[in-house]
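Visitor: Show me how the following folds:
(chains A, B, C and D)
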Number of protein chains: 2
Amino acid sequence: MKAFKIPEATVMRLSVYSRFLEQADRHGIIIVSSGDIAEGVGVSPAQVRKDLAYFGEFGTRGVGYNVSSLYQQIRRILGLNREWLVVLVGAGKLGSALARYQGFLSRGFRIIGVFDNDPKQFGRKLNGTTIMPISQLDEVVQREGVEIGIITVPAGAAQEVADRLAAAGIKAILNFSPRVLNVPSRIVVRSVDFSVNLEVLTFNLGLNTNKGL
Amino acid sequence: MKAFKIPEATVMRLSVYSRFLEQADRHGIIIVSSGDIAEGVGVSPAQVRKDLAYFGEFGTRGVGYNVSSLYQQIRRILGLNREWLVVLVGAGKLGSALARYQGFLSRGFRIIGVFDNDPKQFGRKLNGTTIMPISQLDEVVQREGVEIGIITVPAGAAQEVADRLAAAGIKAILNFSPRVLNVPSRIVVRSVDFSVNLEVLTFNLGLNTNKGL
DNA sequence: GACTGTGAAGCCATTCACAGCT
DNA sequence: AGCTGTGAATGGCTTCACAGTC
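Guide: Okay, here's the model as predicted:
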């Protein structure tokens, strides 16, 4: 309940627990134990309890956790009890795929603007929004009070886009380019790098074959 | 140099270093210090040296690291000094975007098969490969000796696809569905969950506004 | 003088083990 | 009896600080 300095790993797991609970709720399950959650998401029961303990006491000793109430609590903790406005910069293949991904909307993320620097893209419709030139980024972010920006441009353009998002007053950036971004420290940044993930796989595959040392 | 039990965080950073070095090399830079790398990728110099020390001595005291030689060494460590064959299951928006992503090929990952269960997709060309029915997964994986599978199907189908990949003899899976997969322990799995990443952002944004404590 | 490589220290996250409820 | 909540113990990663080398 003291709530400061929460491990990032804990926050990530909470997000995973929330989806497990959403699923369980949909299946009509009323009560789960830390062991049930643990098994469902592949961690230890103690880990589940410890993660939750950072934020309060949500269970009943001897019984377990009420699925729908815990689900709501975790959503609240993660800040998902409201809608978040999102802009996406880079309407290439990946950007278009993300813009159309329904999973975001269902969890409260609404992409209200998609931007690109290619005039051939301008005006193209993408899941309800129209692709706009980057020059309009500032105006849209400020007019709508957008807080989250997603970057799906090639590596070479990523820093410049991050600068523009920062200047427009965005508060958080999810970066899909394989590039470390430099932004003011008030902005929260996370990077998702596909190649890094593939390369962790090949490293581990190599360990098995090169029993060399 | 004993090299066992390498922290996963180290492996992920090596991948990031390798891209920094690739970039530096392209700019004609011959020597970098741990401080240069650290600054470029946003970690501490000591961290860079420690990460490299797990695998050997690659630098020259008083001087630094030779960019192209260190780059090659890291590629070797990560298992990138060879080509990796990849199949991708799920030719939806995200799968199509990934299949066309040139960054994979340039780092040695060749997607040689794309599979789907929608007959309307069969035969459609995607960046050189033709989309095939899932029933052919086994045959292609075994004939070509494919080692890596990428899952880009909706959550509901992910476990079934993982089972098929496992049965076909795949060695590693990169999972983009928001679902924890159950696979035999010989298979290396990593999951990339977009919502988790967004939700870590909203959690952090919430901390700033709820100055509650 | 500059920078690497590394044992030791410090810090943070996970697991253990049990007291506390129901 | 069963399961949560939690202090204590453990384990692992990161930082420090300096000896070693060019």
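
Visitor: any idea which helix or strand comes after the longest helix anywhere in chain A?
Guide: In chain A, with assignment by DSSP state H, the single longest helix is helix A:8-26. Downstream of helix A:8-26, the first helix or strand assigned by DSSP states H and E is strand A:31-32.

Visitor: Is that next one positioned near DNA strand C?
Guide: No. Strand A:31-32 does not reach DNA strand C (CB under 7 Å from any atom of the strand); its nearest approach is 12.0 Å. C-betas here are computed from N, CA, C, even on glycine.

Visitor: ok, now which ones touch A:I6?
Guide: By CB atoms under 8 Å, 6 or more residues apart in numbering or on different chains, the residues touching A:I6 are A:54, B:203.

Visitor: picking up where we left off before, avg pLDDT for the longest helix of chain A?
Guide: Mean per-residue pLDDT for helix A:8-26: 97.

Visitor: and if you look at stretch A:137-144?
Guide: 97.

Visitor: What residues sit buried inside it?
Guide: For stretch A:137-144, burial by neighbour count (16 or more other CB atoms under 10 Å in any protein chain shown) applies to A:137, A:140-141.

Visitor: Going by distance to B:G103, which of those residues wins?
Guide: Checking these against B:G103 by CB to CB gives A:L137 as the nearest, at 24.5 Å.

Visitor: wait, isn't that closest one in contact with A:G90?
Guide: No. In this structure, A:L137 is not within contact of A:G90 by CB atoms under 8 Å, at 11.5 Å.

Visitor: any idea how far the residue nearest to A:L70 when sequence neighbours are not counted lies from DNA strand D?
Guide: Nearest non-adjacent residue to A:L70, counting by CB to CB, 6 or more residues apart in numbering or on different chains: A:F58, 5.3 Å away. Separation of A:F58 from DNA strand D (CB to the nearest atom of the strand, to the nearest Å): 5 Å.

Visitor: what's around A:F58, how many residues?
Guide: Neighbours of A:F58 under the rule other CB atoms under 10 Å in any protein chain shown: 16.

Visitor: Could you do the one 3 residues further on as well?
Guide: Per other CB under 10 Å, the neighbour tally for A:R61 reads 6.

Visitor: now chain A, which segments are flagged as low pLDDT?
Guide: A:1-3, A:208-213 (pLDDT under 70).

Visitor: just curious, which of the buried residues of stretch A:137-144 is nearest to chain B?
Guide: A:V141 (14.8 Å; CB to the nearest CB).

Visitor: what kind of secondary structure is the closest one in?
Guide: Using DSSP: H, G, I helix; E, B strand; the rest coil, the structure places A:V141 in helix.

Visitor: my read: it touches A:G169, true?
Guide: Yes. Counting by CB under 8 Å, A:V141 touches A:G169, with 6.2 Å between them.

Visitor: Pop the domain breakdown of chain A in here.
Guide: For chain A, automatic domain parsing gives the domain ranges A:8-77, A:84-196.

Visitor: Show me the helices in chain A, by range?
Guide: Counting by DSSP H, the helices of chain A are A:8-26, A:34-41, A:45-53, A:67-78, A:93-100, A:102-106, A:137-144, A:155-168, A:194-209.

Visitor: among the ones you listed, which is the most enclosed?
Guide: Ranked by average neighbour count under the criterion mean count of other CB atoms under 10 Å in any protein chain shown, those are headed by helix A:93-100 at a mean of 22.

Visitor: how about it as CSV, C-alpha atoms only?
Guide: Output of helix A:93-100 as CSV, limited to C-alpha atoms (Å, rounded to 0.1, in the frame of the first residue of the first chain):
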residue,chain,number,x,y,z
LYS,A,93,3.2,-1.7,-42.7
LEU,A,94,3.7,-2.0,-38.9
GLY,A,95,2.0,1.3,-38.1
SER,A,96,-1.0,0.3,-40.2
ALA,A,97,-1.2,-3.1,-38.5
LEU,A,98,-1.1,-1.5,-35.1
ALA,A,99,-3.7,1.2,-36.0
ARG,A,100,-6.1,-1.6,-36.9
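
Visitor: Next, the angle helix B:194-209 makes with it.
Guide: Angle, helix A:93-100 to helix B:194-209, by axes from the mean of the first three to the mean of the last three CA atoms, to 10 degrees: 70 degrees.
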